[in-house]
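# Sequence and predicted structure are below.
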Amino acid sequence: MVFGQVVIGPPGSGKTTYCNGMSQFLQLVGRKVAVINLDPANDSLPYDCAINIEDLIKLEDVMAEHSLGPNGGLVYCMDFLEKNIDWLEAKLKPLLKDHYLLFDFPGQVELFFLHENAKKVIMRLVKKLDLRLTAVHLIDAHLCSDPGKYISALLLSLSTMLHMELPHVNVLSKIDLIESYGKLAFNLDFYTDAHDLSYLQHHLDQDPRSAKYRKLTKELCEVIENFGLVDFTTLDIQACLHPFKLIDKTNGYIFAGIDSSAVEFSKIAVSPVDWDYYRYPFLFTVAAVQEKYIKDDEVFDDEIITSPPPSSIAERDLQKDER
C-alpha cells in the first residue's frame, strides 16, 4: 500500500508552502517523500518535485493557443491530464515501492466541486495504483475574522468533502496571521468546531449589507450543522505534528504494519490513548494556539454576545462519558 496526501484549497491558502514544509517534516521522521506538482500555473516551486505536470502541459501555452483565461486554462489542463493519465501512472510507478506521496493541486475551487476532471484523476490513481490518500483542504485562517467569509469557507469545505470521496482533513493555515484582518468574535475553538453557527448571526447583522440576507445565512448555517461533517485543525510553521498524526490516522498509515521499534512509529504514530486528542482536538491544541496567537482583551461589552454558552457538543459528550 502506498500512502499520501492530496493538497487542495483556494488560491493563496498556502498549498505549495505546506507541501514544502510537510516534505521536510516527513524526511525528518524518516520517510522517503515524493512531491508531485499538478498545478500548471505554479512555475516557482520551493521544493524539488519528483513529477511536474509542466513536463506534460504548460498553462501559458494553453492560454495562448486556445485564447483562454487562467481559470479556463486550468480546466483544460486538468482535462488534458485526465486524457493522458497513463503518463502520470508511468511516472508514479517507480515511486510506489517506498515513497510517501504529496500531490500539489491547483487552487481553483471549481476544479473540485464543479468539474469532474481532477476527481477522476485522483480516483483512477487510487484504484489503479492502490493508493491510500487523504485530502488535505487548506483554508486561510484570517477568514475567521469575517463571519460571512467564514461561512463561505465552511460551505466550500463541505462541498469539497462530499465531492472528493476521500478521507478529509480541513486545516486552518497561517494560524499565526489569524487576526491580521480583524479580531475574532469568539474563541478559536468556536471556529475549529464549527457548531452553534447561529451565534454568528448577531455579528453578521452589524453589516447592513449582510442583514438583508439574514434568512439565507440562517438556512446555510443549518445545512452545515445538519451535515455535521466540517471541523478544522490548526497549522502553523512551528506545529506540524498534530495535523501530521491526524492525516496518518485518516488514511490508515498507522495501521500499515510499521515496525514498532522504528523511531518514527514510536514517536509519531497515534496510540489508543490519543483518542480524546482527536475526538476533541481543540481541548488540547487549539487552546495552546489561542494563547499563542490571539490577544485576550480584558474589556467586554455586556450588550454584545462575545461567546456562545459553555454547552458545546464536545462538552455535552464529555459529560455523557463521565456519567
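Perfect, I can see it now. Numbers count the residues shown, from 1 in each chain.
# Tell me the pLDDT of residue 170.
On pLDDT, residue 170 comes in at 95.
# okay, now it: neighbour count?
25 (other Cβ atoms under 10 Å). The C-beta positions use only the backbone N, C-alpha and C, and glycine is treated the same way.
# Name all residues that make contact with it.
137, 139, 157, 161, 230, 231, 232, 233 (Cβ atoms under 8 Å, 6 or more residues apart in numbering).
# Check which element follows whichever strand or helix holds it along the chain.
Mapping residue 170 onto the secondary structure by DSSP states H and E places it in strand 168-173. Reading on from strand 168-173 to the C-terminus, the next helix or strand found by DSSP H and E is helix 188-193.
# The following helix or strand past that next one - contacts with which helices or strands?
Following helix 188-193 in sequence order, the next helix or strand is helix 201-204 (DSSP H and E). Under the contact criterion of 3 or more Cβ pairs under 8 Å, 6 or more residues apart in numbering; DSSP states H and E, helix 201-204 touches helix 147-164, helix 214-227.
# Buried ones in helix 201-204, by neighbour count?
Residues of helix 201-204 classed as buried by neighbour count (16 or more other Cβ atoms under 10 Å): 201, 203, 204.
# what does stretch 110-122 give?
Neighbour-count burial for stretch 110-122 flags 111, 112, 113, 115, 117, 118, 119, 121, 122 (criterion: 16+ other Cβ under 10 Å).
# same thing with stretch 127-140?
For stretch 127-140, by 16+ other Cβ under 10 Å, it's 131, 132, 133, 134, 135, 136, 137, 138, 139, 140.
# before we move on, back to that, in helices, which of the buried residues of stretch 110-122 appear?
With DSSP state H as the criterion, helices contain 111, 112, 113, 117, 118, 119, 121, 122 from among these.
# residues in contact with the third one?
Contacts for residue 113 were tallied using Cβ under 8 Å, 6+ apart; they are 156, 159, 160, 162, 163.
# from those, which would you call buried?
156, 160, 163.
# Reformat the residues you listed as JSON lines; add distance to residue 219 and pLDDT.
Shown next, in JSON lines, are the buried ones among the contacts of residue 113 (distance: Cβ to Cβ, whole Å; pLDDT from 0 to 100):
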{"residue": "156", "distance to residue 219": "17", "pLDDT": "93"}
{"residue": "160", "distance to residue 219": "20", "pLDDT": "92"}
{"residue": "163", "distance to residue 219": "21", "pLDDT": "90"}
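# Return the closest of those with respect to residue 100.
Checking the buried ones among the contacts of residue 113 against residue 100 with Cβ to Cβ, the nearest one is residue 160 at 22.5 Å.
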